[in-house]
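Participant: just coords:
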């Protein structure tokens with residue numbers, strides 16, 4: 001079974017919710033958030049509307065995206081001074 005890859009490996013609403021969550025997490029707001037959700041995502045969807053992925057390829061892509069996300073999350077944690085989170089009171 002082939003699937004339209006407009007959102008590659010996520011359902012459209014799930015992808016939008018995920019993008020909004022990460023934008024909020026990173027403190028992105030206003031015009032930048034509006035651009036990402038209302039301009040950039042629709043452009044990506046339009047650019048990939050003719051790409052077809054079978055279920056196996058879609059699953060591999062999904063796992064790759066999750067792995068990349070986990071690595072980026074770990075890298076972000078590594079960059080943040082952890083001492084800010086583990087302050088000991090005297």
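Facilitator: Yes, it's here. Only a predicted model underlies this, so the values are computations on that prediction, with no experimental measurement involved.
Participant: tell me which element residue 41 falls in.
Facilitator: Residue 41 is part of helix 41-47 when elements are defined by DSSP states H and E.
Participant: Tell me where the protein has helices.
Facilitator: Shown for the chain, the helices assigned by DSSP state H span residues 12-25, 30-35, 41-47, 55-79.
Participant: Let's have the ones you listed in JSON lines, adding mean neighbour count.
Facilitator: All C-beta spots, glycine's among them, are computed from the backbone N, C-alpha and C. Formatted as JSON lines, the entries for the helices of the chain read as follows, by neighbours: other C-beta atoms under 10 Å:
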{"stretch": "helix 12-25", "mean neighbour count": "13"}
{"stretch": "helix 30-35", "mean neighbour count": "11"}
{"stretch": "helix 41-47", "mean neighbour count": "13"}
{"stretch": "helix 55-79", "mean neighbour count": "11"}
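Participant: Save these as JSON lines, and put in mean pLDDT too.
Facilitator: Written out in JSON lines, the entries for those read as follows (pLDDT from 0 to 100):
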{"stretch": "helix 12-25", "mean pLDDT": "80"}
{"stretch": "helix 30-35", "mean pLDDT": "89"}
{"stretch": "helix 41-47", "mean pLDDT": "84"}
{"stretch": "helix 55-79", "mean pLDDT": "82"}
